[in-house]
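Undergrad: Next comes the sequence, and after it the predicted model I'd like to discuss.
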Amino acid sequence: MKIFYRWHPEVAVRYLPIVAEIKKLGQPTVLEIGSGGLGITPYLGRKVTGLDTKFSPPIHPLSETKIGSGTKIPFVDKSFDVVVSVDTLEHVAKAERKKIIAEMIRVARKEIIVAVPTGKKSEEQDRQLNKAYKQLYGKPYHFLDEQINLGLPEVSEIKSVIGDNIRVEENEPLVLRNFLMRGWMTKNFLAKIFYWKILLLVIPIFKLFDQPPYYRTIFYKNL
């Protein structure tokens with residue numbers, strides 16, 4: 001299972017399409033905004049510079065961490081071939097989202113990739129999952145709570161900021177995400193092993209669920 005070191009099935013669904021896109025460029029340098037200690041690194045399998053306001057364990061051994069804000073990225077223009085942000089913009093205010101995308105474009109040489117949950121159905125699923133989490137653990141899940149309060153980005157909002165020369169792709173069917181997230185939050189030990197480990201072996205089968213509605217939209221912009 002070393003090949004799946006620090007993988008999680010639901011997180012893999014987010015990142016694997018982006019990994020495939022990055023690999024088309026060969027061995028580009030990569031910066032991830034709002035990476036935390038893991039982010040895309042386990043799925044790409046090589047060094048990634050991660051930018052975040054703080055880092056808590058676990059931190060992947062291939063992650064090169066940098067403390068800072070996405071609204072003022074602490075790197076000079078065109079520092080990285082690819083700059084990525086995955087499920088981060090929904091955790092900041094709308095005005096800051098524009099600044100982060102502008103900064104990503106500034107420090108990227110070849111491509112930026114922005115992935116965000118979008119739409120009313122995705123927001124409703126977040127509310128349902130947060131309610132289920134609270135019933136299990138006696139408190140809301142802070143990440144879900146935050147993005148519910150801030151409101152999910154709209155496709156039109158991101159398009160208006162990111163500009164021309166983009167490709168848009170929908171990601172993670174809501175039915176699949178609901179299944180994986182409820183497995184992630186379970187308290188049952190055997191169920192956790194199934195959802196967190198065994199399902200890693202059958203990720204290709206997830207394509208059977210590949211139909212709308214989707215939770216997330218990925219925007220690819222060539223520079």
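TA: Sure thing, it's come through.

Undergrad: All the helices of the chain, residue numbers only.
TA: Listed in chain order, the helices of the chain (DSSP state H) span residues 9-23, 41-44, 94-107, 120-137, 142-150, 155-162, 174-185, 189-196.

Undergrad: and the residue nearest the centre of the chain, how far is that from residue 144?
TA: By CA atoms, centre = their mean, the chain has its centre lying nearest to residue 86, at 2.9 Å. Taking CB to CB, to the nearest Å as the measure, residue 86 falls 16 Å from residue 144. For glycine as for every other residue, the C-beta is placed from the backbone atoms N, C-alpha and C.

Undergrad: Could you do residue 105 as well?
TA: Counting by CB to CB, the gap from residue 105 to residue 144 is 29 Å.

Undergrad: again, but for residue 46
TA: In this view, residue 46 and residue 144 are 31 Å apart by CB to CB.

Undergrad: More neighbours: the two, which one.
TA: Set side by side, residue 46 and residue 144 show unequal neighbour counts under other CB atoms under 10 Å, the larger going to residue 144 at 20 against 9.

Undergrad: pLDDT value on the residue lying farthest from the centre of the chain, please?
TA: Among the C-alpha atoms of the chain, the one farthest from their average position, using CA atoms, centre = their mean, is that of residue 190, at 26.7 Å. With respect to pLDDT, residue 190 scores 95.

Undergrad: Please apply the same query to residue 163.
TA: If you check residue 163, the pLDDT there is 88.

Undergrad: what does the one 4 residues further on give?
TA: Looking at residue 167, its pLDDT reads 97.

Undergrad: which residue packs closest to it, ignoring adjacent ones?
TA: If the residues on either side of it in the chain are set aside, residue 167 comes closest to residue 220, at 4.5 Å by CB to CB, 6 or more residues apart in numbering.

Undergrad: Please read off the pLDDT at the one you found from the model.
TA: The predicted local confidence for residue 220 comes out at a pLDDT of 98.

Undergrad: list the contacts for it?
TA: Residues in contact with residue 220 (CB atoms under 8 Å, 6 or more residues apart in numbering) are 21, 111-113, 166-169.

Undergrad: And residue 6, by the same measure?
TA: 38, 41-42, 58, 60.

Undergrad: what about 7 Å?
TA: Residues touching residue 6, when contacts are defined by CB atoms under 7 Å, 6 or more residues apart in numbering, comprise 38, 42, 58, 60.

Undergrad: I'd like the residues you listed written out as JSON lines, with distance to residue 125 added.
TA: Putting those into JSON lines (distance: CB to CB, whole Å) gives the following:
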{"residue": "38", "distance to residue 125": "23"}
{"residue": "42", "distance to residue 125": "25"}
{"residue": "58", "distance to residue 125": "27"}
{"residue": "60", "distance to residue 125": "28"}
